[in-house]
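J.: compute the structure for the input listed below.
(2 chains)
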Amino acid sequence: MANHSRFTPGILKKARWHIQDNQVTPESVFKARRHIVKAMGLGAIGASISGYVQAGLFDLFGEQPQTSFITTPLTFEANARFGQDEVRTPFDKVTTHNNFYEFGTSKQDPSDNAQQYKVEPWQLRIEGEVERPITLDYQDLTKLFPLEERIYRLRCVEAWSMVIPWVGFPLAALLKKVGVTSKGKYVAFETAFDPEQMPGQKSRLMGGGIHYPYVEGLTIAEAMNELTLMSVGLYGKTLPPQNGAPIRLVVPWKYGFKSIKSIVRIRVMDKQPPTSWNQLAPHEYGFYANVNPAVDHPRWSQASERRIGEGGLFSAQRIDTLPFNGYSEFVASLYEGMDLRQFY
Amino acid sequence: MFNITALRVSPKQLLWVKLVFHLIGLIPITWLVFTVLSSRAGGDPVQHIIHFTGIGALNALLTTLLISPIAKRFKLGWLMQTRRLVGLYVFAYATLHIVAFFSLDLLFAWGLFLSEVAKRPYILVGAVAYVIVSALAFTSFKILMRKMGRRWQTLHNGVYLVAILAPIHFYWSVKSEIVEPSLYILGFSLLLAWRLPIWQKMRTSRLAMAAKDKQ
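T.: Modelled structure (predicted):
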């Protein structure tokens, strides 16, 4: 046949990101690789160096994860409005590339150091300018509200990004349940404080010099926006601790550090709450931290980002960053009339 | 007691010493490849690789600056002959550091690379340090050393500028975890302070006094 065309019109072409089942590393193999490292005795060398030194100069020998945190499948409905067409960052990258300084400042530290973290029992207190303050127990987090899956883009201030299928419920549902009073203008969030379980809170070197507990905040309008999600899971299962188990915030139009993890307290306030990164370096991290390609961070251009996809080291893509991380239609109205260079 | 100053090495033994130095230089890179391939460096090891190679360059630089104080203190003349080798590892690690940043983080975006160097003071400081290190590496051949004469020494004093710029680059690059870069700043400051004329004078006068006491 003289036709050299390799592609016959009409035949279904698989999407570029579609990988065959046989290319997916089975979970057992993925975990076995870690066991090989452990079996070689490298973990023992790591354990003999004190945690203080380990996190820093000699981060060559980190401790190996002892066991894997057990996650359980969740019941939820997919919300088709958000990101169904996006290429998702694979589970193993979402769960091994984390900023969660409570467990160490290197990207792999949280997955290495958080596997023993106890999330049950858990209590989340909602208080402040609300009519009916409540405390949610571990079971309430997944049972009190119907859960939905939303595929959101996550943009880190360090100029990398992911696409993650979160499972959770809108923060607005929780705030409506407790009834915000007329004085409620802001919402403050607080991460668990437990130095025994969170080595970064115990050692300044390991925790990056942040004042713990980690705190974050939103305006009430931002908190009530339909995008703002309280997440209890990802990829259909409960959250691993490195991703903020048992419950975290997801604010997809803001830089990742706004999406506070492992929340124990939500306080509705009449004034703007302090936020951790803003306290640490106010000229670098504003209260709003909206994704904005026009406003550079002193150390990173925000005009583009490295999207972490499913392939190897060189497979990531450099893409243009969109205002509000591409969620303008949902949130731009919240900032009308504001100078976003001043309120960054 | 065993007297370290009496330690002499033959040319053959020096070769072995150099081999050990090469191993010390190469093992971390082997380790890095191993950790990345075994997912030990996280699902997206880009920042880990950049940080690791940067720290490697700093450690090699610290080592080069340690060699002459140690050689002088213990009168180990032969040790000075390992300095070029270690210095070339500074260049090798710094090159890997920049290649990793350009290829893995920026994904070969030339325009972005150039604008980032120009716009971010911490990157500019690192870039200046790298230009100096490259100049030292390219003029490290003995034949050039002979040809350049006195100018070679002037150029290679640039290592002291690198010892100031590189730790500043590190300190400036971190978000909040300043303890580790502070330790490097302290280490380099001590090594530079040791070379200040005032300390040199104090040491020589102390030695003279000690000699006088003996008489």
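
J.: sec struct for residue A:293, please.
T.: coil (DSSP: H, G, I helix; E, B strand; the rest coil).

J.: how much space between it and residue A:320?
T.: 7 Å (C-beta to C-beta, to the nearest Å). Yep, even glycine has a C-beta here, placed from its N, CA and C like the rest.

J.: and for residue B:171?
T.: Distance from residue B:171 to residue A:320, by C-beta to C-beta: 31 Å.

J.: and these two? Which one has more around it.
T.: The neighbour comparison of residue B:171 against residue A:320 (other C-beta atoms under 10 Å in any protein chain shown) goes to residue B:171, with 16 against 9.

J.: that one falls within a helix, correct?
T.: Yes: Residue B:171 forms part of a helix when assessed by three-state DSSP.

J.: just give the closest residue to it, not the sequence neighbours.
T.: residue B:181 (3.9 Å; C-beta to C-beta, 6 or more residues apart in numbering or on different chains).

J.: any idea which element the one you found lies in?
T.: helix B:179-194 (DSSP states H and E).

J.: give me the mean pLDDT for the helix or strand that that helix is followed by.
T.: Moving toward the C-terminus from helix B:179-194, the first helix or strand encountered (DSSP H and E) is helix B:197-214. When pLDDT is averaged along helix B:197-214, the result is 74.

J.: ok, stretch A:254-268 next?
T.: For stretch A:254-268, the per-residue pLDDT averages 98.

J.: same question, stretch B:62-78
T.: 93.

J.: and it, what's buried?
T.: For stretch B:62-78, a neighbour-count test (16 or more other C-beta atoms under 10 Å in any protein chain shown) marks B:62, B:63, B:64, B:65, B:66, B:67, B:71, B:76 as buried.

J.: by contact count, what packs against the helix holding residue B:181?
T.: Contacts defined by 3 or more C-beta pairs under 8 Å, 6 or more residues apart in numbering or on different chains; DSSP states H and E place helix B:179-194 against helix A:204-207, helix B:46-73, helix B:158-173.

J.: out of these, which is closest to residue A:91?
T.: helix B:46-73 (18.4 Å; C-beta to C-beta).

J.: just how off-centre is that closest one within its chain?
T.: Distance, stretch centre to chain centre, for helix B:46-73: 4 Å (C-alpha atoms, centre = their mean, to the nearest Å).

J.: next: stretch A:287-299.
T.: With C-alpha atoms, centre = their mean, you get 18 Å for stretch A:287-299.

J.: may I have that stretch as CSV, with CA atoms only?
T.: Coordinates of each C-alpha in stretch A:287-299 appear next as CSV, following Å, rounded to 0.1, in the frame of the first residue of the first chain:
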residue,chain,number,x,y,z
PHE,A,287,-2.7,38.1,53.4
TYR,A,288,-4.5,37.5,50.2
ALA,A,289,-1.9,35.5,48.3
ASN,A,290,-4.1,35.3,45.2
VAL,A,291,-2.3,33.6,42.2
ASN,A,292,-1.3,36.6,40.1
PRO,A,293,1.1,36.2,37.1
ALA,A,294,1.6,40.0,37.1
VAL,A,295,3.0,40.2,40.7
ASP,A,296,6.4,38.4,41.1
HIS,A,297,7.5,37.0,44.4
PRO,A,298,11.0,38.5,45.2
ARG,A,299,12.5,35.0,44.5
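
J.: contacts for that stretch, please.
T.: For stretch A:287-299, the surrounding residues in contact (C-beta atoms under 8 Å, 6 or more residues apart in numbering or on different chains) are A:155, A:157, A:217, A:253-255, A:257-258, A:272, A:275, A:277-278, A:283-284, A:302-304, A:320-325, A:331, A:335, A:340-341, A:343-344, B:119-120, B:122, B:172-173.

J.: and that stretch, what's buried?
T.: In stretch A:287-299, counting by 16+ other C-beta under 10 Å, buried: A:287, A:288, A:289, A:290, A:291, A:292, A:293, A:296, A:297, A:299.

J.: repeat for stretch B:106-118
T.: In stretch B:106-118, the ones that count as buried by 16+ other C-beta under 10 Å are B:106, B:107, B:112, B:113, B:116.

J.: ok, now stretch A:85-102?
T.: Quick answer for stretch A:85-102 (16+ other C-beta under 10 Å): A:86-102.

J.: residues of chain B that sit close to chain A?
T.: B:28, B:31, B:36, B:38-48, B:51, B:55, B:103-107, B:109, B:112, B:115-116, B:119-120, B:122, B:172-173, B:175-180, B:183 (C-beta under 8 Å from any C-beta of the partner chain).

J.: of those, just the buried ones, PyMOL syntax please.
T.: Written as a PyMOL command, the selection of buried residues from those, which uses 16+ other C-beta under 10 Å, is:
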select buried, chain B and resi 28+36+39+40+41+42+43+44+45+46+47+48+51+55+104+105+106+107+112+116+120+122+172+173+175+176+177+178+179+180
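
J.: coming back round to it: find residues that contact each of residue A:293 and residue A:320.
T.: A:303, A:304.

J.: output the helix or strand bottoming out on mean pLDDT in chain B in PDB, but only the C-alpha positions, please.
T.: For chain B, using mean pLDDT, DSSP states H and E, the weakest element among its helices and strands is helix B:197-214, scoring a mean of 74. This file holds the C-alpha atoms of helix B:197-214, laid out as PDB (Å, rounded to 0.1, in the frame of the first residue of the first chain):
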ATOM      1  CA  PRO B 197      46.400  39.800  57.900                       C
ATOM      2  CA  ILE B 198      45.700  40.700  61.600                       C
ATOM      3  CA  TRP B 199      45.300  37.000  62.500                       C
ATOM      4  CA  GLN B 200      48.300  36.000  60.500                       C
ATOM      5  CA  LYS B 201      50.300  38.600  62.500                       C
ATOM      6  CA  MET B 202      49.000  37.400  65.800                       C
ATOM      7  CA  ARG B 203      49.900  33.900  64.900                       C
ATOM      8  CA  THR B 204      53.400  34.700  63.900                       C
ATOM      9  CA  SER B 205      54.000  36.800  67.000                       C
ATOM     10  CA  ARG B 206      52.600  34.100  69.200                       C
ATOM     11  CA  LEU B 207      55.000  31.600  67.400                       C
ATOM     12  CA  ALA B 208      57.900  34.100  68.000                       C
ATOM     13  CA  MET B 209      57.000  34.400  71.700                       C
ATOM     14  CA  ALA B 210      56.800  30.600  72.000                       C
ATOM     15  CA  ALA B 211      60.200  30.300  70.400                       C
ATOM     16  CA  LYS B 212      61.600  33.000  72.800                       C
ATOM     17  CA  ASP B 213      60.200  31.100  75.800                       C
ATOM     18  CA  LYS B 214      62.000  28.000  74.700                       C
END
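
J.: contacts for stretch B:175-186, please.
T.: A:56-57, A:101, A:105, A:158, A:204-205, A:208-210, A:280-281, B:58, B:62, B:167-168, B:170-171, B:173-174.

J.: meant to ask about stretch A:79-99
T.: Contacts of stretch A:79-99 (C-beta under 8 Å, 6+ apart): A:17, A:25, A:30, A:78, A:107-108, A:110-111, A:148-153, A:156, A:158, A:162-165, A:234-235, A:240, A:242-243, A:256-257, A:308-310, B:39, B:42-44.
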